[in-house]
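> The following block contains a protein sequence and its predicted model.
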Amino acid sequence: MAANDHEHGDSLLSGGEHRPPAVAPLSFLVPDPKDDTSPEASASSARSSAESPLKSLRRSTHAQVLRSERLFHLSLRLGGLFILLLFATVLGVSIFEAWPSIEKFGWSFLWTSTWNPHRHIFGAWTYLVGTFWVTGIALLFAIPIAILSALFLSDYAPKWLVGGVSTLMEMLAGIPSIVFGAFGIIFVVPLMRDHVEPALANTLGRHFDFFSGDAMGYGILSAGLVVGIMVIPLVATVTRDSLVMVPRETVEAAYALGSTKAEMVYFVKLPAVVPGIIGSAILGFGRALGETMAVLLLIGNQASVPTSIQDVGYTISSLLANTFTYAVIDPLFSAAEIELGLILLVISLVVNTVGRELLLKLMGGRLAGSVGGG
Amino acid sequence: MAETSRPAKGLSLYRRIRNVVLGSLTGIAFLVAVTPLLAIIYVAYDRGKEALSLSFVTTMPSGFPVGSEGGVLNGIAGSFILIVLASILSVPVGIWAGLYLWDQGHTRLAGVTRLLSDLLLGVPSVIWGVVGYYVFSTNTGFGFHWGFSGLAAGLTLGFIMIPIVTRVTEQALRDVPRSYIEGALALGATRFQVMRDLAIPAAITGIGTGILLGVLNVLGQTAPLVFTNYYNTGIPHSLVGSNGSVGDLAMQIFIYIHEPSKALHVKAMAAALVLTVIVLLLDMGIRLLAWGSRRYARKA
């Protein structure tokens, strides 16, 4: 009778019913049927034969559970392995395919400014300078505006407006870069050519050659400005996120000491979020660095070192997007282009890691990512 | 009693001016930041409105040069194909890796994995293009030798999506209250049961948001397509091989805007508006999803 009960209970358990297995956690209390000293051992052999499959079943489930847990553990690790593999692929492909160029030119690749596919002389200098000009102009334009807009979003905007304008800013950060490029060609280039660049040449350009030029519309100034517009929402949103983390007590204390709002913001809030501002500026730098299509459409794509802000130029990413598909015919040509890409990759990785670390320290692990370029 | 010995009431003029100046500077800066972004949408509408109609999104490009008549159906269909392919690769892998980072997040290997997935987020899109070219498209050396094709581009975009999905999945799983999981473990559930019956259902909105965020990020990507797919004015029958390229909305804008043709520029701006509207609608969907799940969580 008792054996029947056990069997019944067990079939329920193995059938996956919701009834909890009443005996399972106490299994160590069930006497071993083979133990002769047990008082129940003498009761009947029928009972012991009914009990032993149950016990063996219980043991095997426990072992199975352990095994499946171990399997689960390992299979999850496999998912993590894919990330390692992907990273190894990115780095491996870049280094492997760039190797002929690395081997041939060595470190001098960095400061050689000749780029001559026919004579097989390649150097990165022109493109490095172009990249840093565009990025520099973009950040000079974007960072002050972004920080002030972040202050507006965190402190100055009226309560009923805050949610709306913050969302607007975040949504505008998602406009694809090709749309910025098309906007640049249709709108920014004519504006620069007809109004801004002649005006610049007639005022500052009279005293500094750096600002004069041919006013073509295309060039590092147009590209830099459009990239700057693109970077503003990212920098502003991240800065805003660190500004709202400043503790309320600190702000109240500043007010209690009699400071005005501007003094509170300038002497208390901004110093408190300096790491956040630097971090967001660095993320913006990383984003601007990898920007491809908008720059490709606007910079003029001429392999020369810009000497004036109105000059045309070339950046690493726009060179790759523009010429890579015919560079692959020549192994050394393509290797040189990929070495440029490798330089870009290394700079981006360093920049993004530093920016992320600064922000993570400030915000405790919460950070949405965004892919640079497009 | 001389009046002058009493301290002046209120703030000094200098402090008052300083207060107003900083406040208005922030407002002006905000306008300077937002105006060009809104101007982009307006200019796209203004310059593209001649081409905009329902048939613009339902017909294939035609005429000479190709695209000066007809619409952008090839681009919309191609973008859709690419996103589906990218999701097929990145959603399982990204969620898998996210589960790993959640389950074994404290181990050293997981720390390295997390760092690398963060680093992958910062890889410029041209580099993804080069990697995609050598892994999928090239006809020499190692790789799949698929040529410039939809499959190559879709999987390259999938590579870009993987770290995004991973990161957001991990974060969503971390947001499941610790007490739920410990309660289930205390009741004797295995880690697998906790994951299947508790953590994933509780985090499913977050994971969905992550997938949409990834889609949003790869939707406007043009540079990887230059290396792996380029462009097609029609819809291909196969996704592999020399005739396997698909159209793409972003690529279409790039090609149209590069042509010295007024008609194509109009089409490009109209296509830019279509792409922007799709992206903004998707973004709004993500926000509604996140907002809805927060409300739901508060009620529960």
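Perfect, thanks for sending it. Numbering: from 1, shown residues only, chains lettered A, B, ... in the order given.

> Could I get the average pLDDT for stretch A:346-362?
The average of the pLDDT scores along stretch A:346-362 is 87.

> what about it, distance to the chain center?
9 Å (CA atoms, centre = their mean, to the nearest Å).

> in stretch A:186-197, what counts as buried?
Buried residues in stretch A:186-197, counting neighbours by 16 or more other CB atoms under 10 Å in any protein chain shown, are found at A:186-189, A:192-193, A:196-197. The C-beta positions use only the backbone N, C-alpha and C, and glycine is treated the same way.

> Stretch B:238-245 too?
B:239-240, B:244-245.

> Now the two most distant members of those.
Pairwise distances across these peak at 10.4 Å for B:240 and B:245 (criterion: CB to CB).

> any residues in contact with both of those two?
Among the neighbours of residue B:240, those also in contact with residue B:245 (CB atoms under 8 Å, 6 or more residues apart in numbering or on different chains) are B:149-150.

> Can you point out the buried residues in the helix or strand where residue A:225 lies?
According to DSSP states H and E, residue A:225 maps onto helix A:220-243. Neighbour-count burial for helix A:220-243, counted by 16+ other CB under 10 Å, picks out A:220-243.

> Check which helices and strands that helix is in contact with.
Helix A:220-243 sits against helix A:125-151, helix A:159-172, helix A:177-183, helix A:274-289, helix A:293-298, helix A:331-363, helix B:13-48, with contacts defined as 3 or more CB pairs under 8 Å, 6 or more residues apart in numbering or on different chains; DSSP states H and E.

> what's the closest of the ones you listed to residue B:196?
Nearest to residue B:196, of the helices and strands packed on helix A:220-243 and by CB to CB, is helix A:331-363 at 30.5 Å.

> Which stretches in the stretch 1-150 of chain A count as helices?
A:2-14, A:45-105, A:125-151 (DSSP state H, counting those that start in this stretch).

> pLDDT score assigned to residue A:2?
42.

> Kindly apply the preceding question to residue B:176 instead.
Looking at residue B:176, its pLDDT is 88.

> cool, and residue B:214?
92.

> if I look at it, how far off is residue B:33?
Remark: distance between residue B:214 and residue B:33 (CB to CB, to the nearest Å) = 26 Å.

> Would you map out the domains in the chain?
If you meant another chain, say so; for now it's chain A. As assigned by automatic domain parsing, chain A contains the domains A:2-66, A:110-363.

> actually it's chain B I care about, not the one you picked
Following automatic domain parsing, chain B resolves into domains at B:13-48, B:54-299.

> Tell me where the stretch 101-250 of chain B has helices.
Under DSSP H, counting those that start in this stretch, the stretch 101-250 of chain B gives helices at B:108-121, B:125-132, B:150-174, B:178-186, B:191-194, B:200-219, B:223-228, B:249-258.

> want to throw those into CSV with distance to residue B:40 and mean neighbour count?
Converted to CSV, those look like this (distance: least, CB to CB, whole Å; neighbours: other CB atoms under 10 Å in any protein chain shown):
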stretch, distance to residue B:40, mean neighbour count
helix B:108-121, 25, 19
helix B:125-132, 20, 29
helix B:150-174, 23, 26
helix B:178-186, 44, 12
helix B:191-194, 47, 18
helix B:200-219, 16, 21
helix B:223-228, 19, 30
helix B:249-258, 12, 26
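
> weakest of those by average pLDDT?
For the helices of the stretch 101-250 of chain B, the weakest mean pLDDT is recorded on helix B:191-194, namely a mean of 87.

> How about that one and chain A, touching?
Yes. With CB under 8 Å from any CB of the partner chain as the criterion, chain A is reached by helix B:191-194 at B:191-192.

> which residues are contacting that helix?
If you take CB under 8 Å, 6+ apart as the criterion, helix B:191-194 is touched by A:68-69, A:72-73, B:103, B:181, B:184-185.

> now do 6 Å
A:69, A:72, B:181, B:184 (CB atoms under 6 Å, 6 or more residues apart in numbering or on different chains).

> who are the neighbours in contact with residue A:299?
A:223, A:313, A:318.

> and which of these is nearest chain B?
In terms of CB to the nearest CB, no member of the contacts of residue A:299 lies closer to chain B than residue A:318, at 8.5 Å.

> so how many other residues sit close to whichever residue of chain A sits closest to chain B?
The nearest approach of chain A to chain B comes at residue A:176, 2.1 Å away (CB to the nearest CB). If you count neighbours by other CB atoms under 10 Å in any protein chain shown, residue A:176 ends up with 27.

> same question, the one 3 residues further on
Burial of residue A:179, expressed as a neighbour count using other CB under 10 Å, amounts to 29.

> May I have the residues that are in contact with it?
B:272, B:276.

> what's the answer for residue B:266, then?
By CB under 6 Å, 6+ apart, the contact set of residue B:266 is B:48, B:50-51.

> which of these tops the neighbour count?
Highest neighbour count within the contacts of residue B:266, by other CB under 10 Å: residue B:51, with 24 neighbours.

> Which positions in the stretch 1-150 of chain B make contact with chain A?
Proximity of the stretch 1-150 of chain B to chain A (CB under 6 Å from any CB of the partner chain) is limited to residues B:15, B:18-19, B:22-23, B:25-27, B:29-30, B:32-33, B:36-37, B:40, B:43, B:47, B:93, B:96-97, B:99-100, B:103, B:113, B:116-122, B:124-127, B:130-131, B:134.
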